[in-house]
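Peer 1: sequence plus predicted model, see below.
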Amino acid sequence: MDRARSRRLMSWLADDRWRLVDADQAFVDALGYGRDELLRRDLLDLTHADDRDFVREHLDRLMRDGASVGMRQRFCTVDGRLLWMTSHISLFGAAQRRQLIATVEPMGDAVPDDPRVIVRRAAVQILTRRRLRQDHFGDDMYGEPAFDLLLDLFIQEVDGQNAYTTSLAVASGAPLTTALRQIAMLVDRGYVRRAPDPVDRRRVMVQLTEKGSKAMWRYLTAADGV
């Protein structure tokens, strides 16, 4: 059996302005456009409005760093339906002839009904928007590292990943001393706890408490409905 066919893998090619220049027939058919109508369309125009900041952040990083990215997003079909897909995108070429090539796999209709996926996406979108805001206006105008730490911890919790003091400080974008003060404040308020790493006791894990996890679930569920 053709493995790619059994998994319904699709592909597209875009220029360095994120405009489609080619796509396989499966991707064209999935979105419902004619081939000539689909090509030259901007990838963000084909993406659900709520996912555009998230996709833009990943594509910006790809263009900047050159490292391949993977992401889940909702594509909009010509008749207004939404298709959840996983995209793995790579950059190739050089100078003014760089292009993006993607392998795309449909995720199925059950994904949007999974509350963990919905709430995690809300957390990622809020964190991405906050970092975009900092990029454009600077940290000195909008400094709220404690909330960035809570968002990052929540995403790590949903993903089943451990978070550590130093990596959290880097992710928050705040100086280490500031991040440590914010973590201490969140511990005092009962939203997070520290715990030694059972594998390497020199490292300190930081986790949401039950109070912190429930508060983030309530907030993100409400934010997703706004």
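Peer 2: Nice, I can see it.
Peer 1: for this structure, what's the longest strand?
Peer 2: In the chain, taking DSSP state E as the definition, the longest strand is strand 82-92.
Peer 1: who does that one touch, helix- and strand-wise?
Peer 2: Other helices and strands packing on strand 82-92, by 3 or more Cβ pairs under 8 Å, 6 or more residues apart in numbering; DSSP states H and E, are helix 52-65, strand 69-76, strand 99-106. From N, CA and C alone the C-beta is placed, and that goes for glycine too.
Peer 1: so which of those comes closest to residue 197?
Peer 2: strand 69-76 (26.8 Å; Cβ to Cβ).
Peer 1: contacts for that closest one, please.
Peer 2: 30-31, 46-48, 50-51, 54-55, 58-59, 61-62, 82-89, 107, 111-112, 117, 121 (Cβ atoms under 8 Å, 6 or more residues apart in numbering).
Peer 1: quick check: next helix or strand after the worst-scoring helix or strand of the chain on mean pLDDT?
Peer 2: The helix or strand of the chain with the lowest confidence, counting by mean pLDDT, DSSP states H and E, is helix 3-6 at a mean of 38. Using DSSP states H and E, the helix or strand that directly follows helix 3-6 along the chain is strand 10-15.
Peer 1: neighbouring strands - and their directions - for that following strand?
Peer 2: Sheet pairing of strand 10-15 (DSSP bridges) gives strand 20-23 (antiparallel), strand 99-106 (antiparallel).
Peer 1: report the contact partners of residue 27.
Peer 2: Shown in contact with residue 27 (Cβ under 8 Å, 6+ apart): 10, 11, 12, 104.
Peer 1: and it, which helix or strand is it part of?
Peer 2: Per DSSP H and E: residue 27 is located in helix 25-31.
Peer 1: verify the stated contact: residue 47 with residue 58.
Peer 2: No: contact criterion Cβ atoms under 8 Å: residue 47 and residue 58 do not qualify, at 10.9 Å.
Peer 1: give me the low-pLDDT residue ranges for this structure?
Peer 2: 1-8, 94-95, 108-115, 131-143, 171-173, 224-226 (pLDDT under 70).
Peer 1: so what touches stretch 214-222?
Peer 2: With contact meaning Cβ under 8 Å, 6+ apart, stretch 214-222 is reached by 115, 119, 122, 123, 126, 150, 151, 154, 191, 208.
Peer 1: just the ones in strands from those residues, please.
Peer 2: Among the contacts of stretch 214-222, the members falling in strands (DSSP E) are residue 208.
Peer 1: among the contacts of stretch 214-222, name the buried ones.
Peer 2: With neighbours counted by 16 or more other Cβ atoms under 10 Å, those contain buried members at 119, 122, 123, 126, 150, 151, 154, 191, 208.
Peer 1: quick check: closest non-adjacent residue to the first one.
Peer 2: Nearest-residue entry for residue 119: residue 220, 4.6 Å, with adjacent residues in sequence omitted and distances by Cβ to Cβ, 6 or more residues apart in numbering.
Peer 1: again with residue 14
Peer 2: Leaving out its chain neighbours, the residue that sits closest to residue 14 by Cβ to Cβ, 6+ apart is residue 100, at 4.4 Å.
Peer 1: make TSV out of the contacts of stretch 214-222 and add distance to residue 77.
Peer 2: Shown next, in TSV, are these (distance: Cβ to Cβ, whole Å):
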residue	distance to residue 77
115	24
119	25
122	23
123	27
126	27
150	36
151	31
154	31
191	41
208	37
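Peer 1: buried sites along the longest strand of the chain?
Peer 2: For strand 82-92, a neighbour-count test (16+ other Cβ under 10 Å) marks 82, 83, 84, 85, 87, 89, 91 as buried.
Peer 1: lovely, talk soon.
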